[in-house]
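Asks: I'll drop the sequence and a predicted model, then ask my questions.
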Amino acid sequence: MAGAGGEPAGADAAARPRPRPRGRTTLLIAAAAVLGVVAGTCTGYLVQADREPTALPSLSQPVLTQKTQQTQQKGQEPAPLSAAQDRRVKTDGDLRKLLLKKPRGAKDNEFLLGDDGWMRLADYASVFEDSDEVFGGLVADEFRRVAVTGWRKGDAFVEIRLVQYRQEEAAVAADYAAGAQQWSESEDDVDSWDIPGTGDGMAYVRTRPDSEPGYLPVYTADAHAWRGDIHMEIWITDTKRISKKEILDLAERQMERL
């Protein structure tokens, strides 16, 4: 997307999130975890060697019960969650339906990448620095799909992305949200706030505009949170400073839909 004068919004080199590195740091953490398991196991053997054998507990276990009136009365196994209760039913369906709707009076954001509310992997990778490297990283991190929407209201451009991962190996959505937050927090002249109801979601507003020759000064704001296998991103650009209320309202309402 782009701000006034055609400057990309949330997608140029000055406003692109860089995912948290998952190479050397991840290996070190994994190695530390393995060493901790080995050390703990060895300690356990040494302690147990000095103890008298103890009798094993009974293998029988009480029958699990479902704490609902229906299952208590019928003695059945716990009933499956309804579609309204099972979040996975929502997120495995048409992800575009979970995006916020364009406000009344807003115009289309003609700078959105993608087609019919979806961003291809290559399009999404292109909004990062080192897009070729990011493309390979997203593939390795089990990228699944991106649903996108946005609008223009006056000089303000909004873009919202729901980035979904398969997460068969790791909680990647949380990693990418944390990496984007880390990037935003590393910048100068940034105010930040918790996104209510998310636990660790954050919103950011830059107090100074980006200024380049030939372009109008542009203020930016972004928000990042995750839920399950989805990383939510919101990007706003405007020719005037963006308010705390504006970015938090969008972020909170979008997360409620997840």
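Replies: Now that the structure is in, tell me what you want to look at.

Asks: Every contact and neighbour count from this point should use C-alpha atoms.
Replies: Fine.

Asks: was I right about residue 224 contacting residue 199?
Replies: No - assessed by Cα atoms under 8 Å, residue 224 is found out of contact with residue 199, at 11.6 Å.

Asks: who has more neighbours, those two?
Replies: Ranked by neighbour count (other Cα atoms under 10 Å), residue 224 and residue 199 place residue 224 first, with 27 against 11.

Asks: Contacts only, for the more buried one.
Replies: By Cα atoms under 8 Å, 6 or more residues apart in numbering, the residues touching residue 224 are 177, 178, 180, 181, 201, 202, 203, 231, 232, 233, 234, 251.

Asks: Nearest to residue 166 among these?
Replies: Closest approach between these and residue 166, by Cα to Cα: residue 231, at 11.8 Å.

Asks: and the closest one, how many neighbours?
Replies: Residue 231: 23 neighbours (other Cα under 10 Å).

Asks: helix/strand/coil for it?
Replies: strand (DSSP: H, G, I helix; E, B strand; the rest coil).

Asks: Contact partners for it?
Replies: Contacts of residue 231 (Cα under 8 Å, 6+ apart): 162, 163, 164, 173, 174, 176, 177, 224, 225.

Asks: What of residue 173?
Replies: 163, 164, 165, 167, 226, 227, 228, 229, 230, 231.

Asks: mean confidence score for the helix or strand containing residue 176?
Replies: Per DSSP states H and E: residue 176 is located in helix 172-185. For helix 172-185, the mean pLDDT works out to 94.

Asks: buried residues in that helix?
Replies: 172-181, 183-185 (16 or more other Cα atoms under 10 Å).

Asks: can you list those residues in a markdown table and add distance to residue 241?
Replies: As requested, those are arranged in a markdown table below (distance: Cα to Cα, whole Å):
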| residue | distance to residue 241 |
| --- | --- |
| 172 | 32 |
| 173 | 29 |
| 174 | 29 |
| 175 | 29 |
| 176 | 26 |
| 177 | 24 |
| 178 | 25 |
| 179 | 25 |
| 180 | 21 |
| 181 | 20 |
| 183 | 20 |
| 184 | 17 |
| 185 | 18 |
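
Asks: returning to that earlier point: nearest to residue 192, of the contacts of residue 173?
Replies: residue 226 (16.8 Å).

Asks: Residue ranges in this structure under the pLDDT threshold?
Replies: 1-91 (pLDDT under 70).

Asks: If we use 90, what do you get?
Replies: 1-93, 114, 128-130, 169-170, 188, 199, 210-216 (pLDDT under 90).

Asks: ranges for the helices of it?
Replies: Secondary structure of the chain (DSSP state H): helices at 24-49, 69-74, 87-91, 121-125, 131-140, 172-185, 244-256.

Asks: and the contacts of residue 173, which of them are in strands?
Replies: Judged by DSSP state E, the contacts of residue 173 include 163, 164, 165, 226, 227, 230, 231 as members of strands.

Asks: Span of stretch 112-130 from start to end?
Replies: 20 Å (Cα to Cα, to the nearest Å).

Asks: Could you check how far residue 236 is from residue 219?
Replies: 8 Å.

Asks: Those two: who's more crowded?
Replies: The neighbour count for residue 236 versus residue 219, taken as other Cα under 10 Å, is higher for residue 236 (27 against 22).

Asks: Name the nearest residue to the more buried one, ignoring sequence neighbours.
Replies: The shortest distance from residue 236 to any non-neighbouring residue, by Cα to Cα, 6 or more residues apart in numbering, is to residue 158 (4.6 Å).

Asks: quick one on the thing from earlier: most neighbours among the contacts of residue 173, please name it.
Replies: residue 230 (27 neighbours).

Asks: Report the beta-bridge partner residues of that one.
Replies: Per DSSP bridges, the residues bridged to residue 230 are residue 164, residue 227.

Asks: Correct me if wrong: it contacts residue 163.
Replies: Yes - taking contacts as Cα under 8 Å, residue 230 lies within contact range of residue 163: 5.4 Å.

Asks: returning to what we had before: what sits in contact with each of residue 236 and residue 219?
Replies: residue 242.
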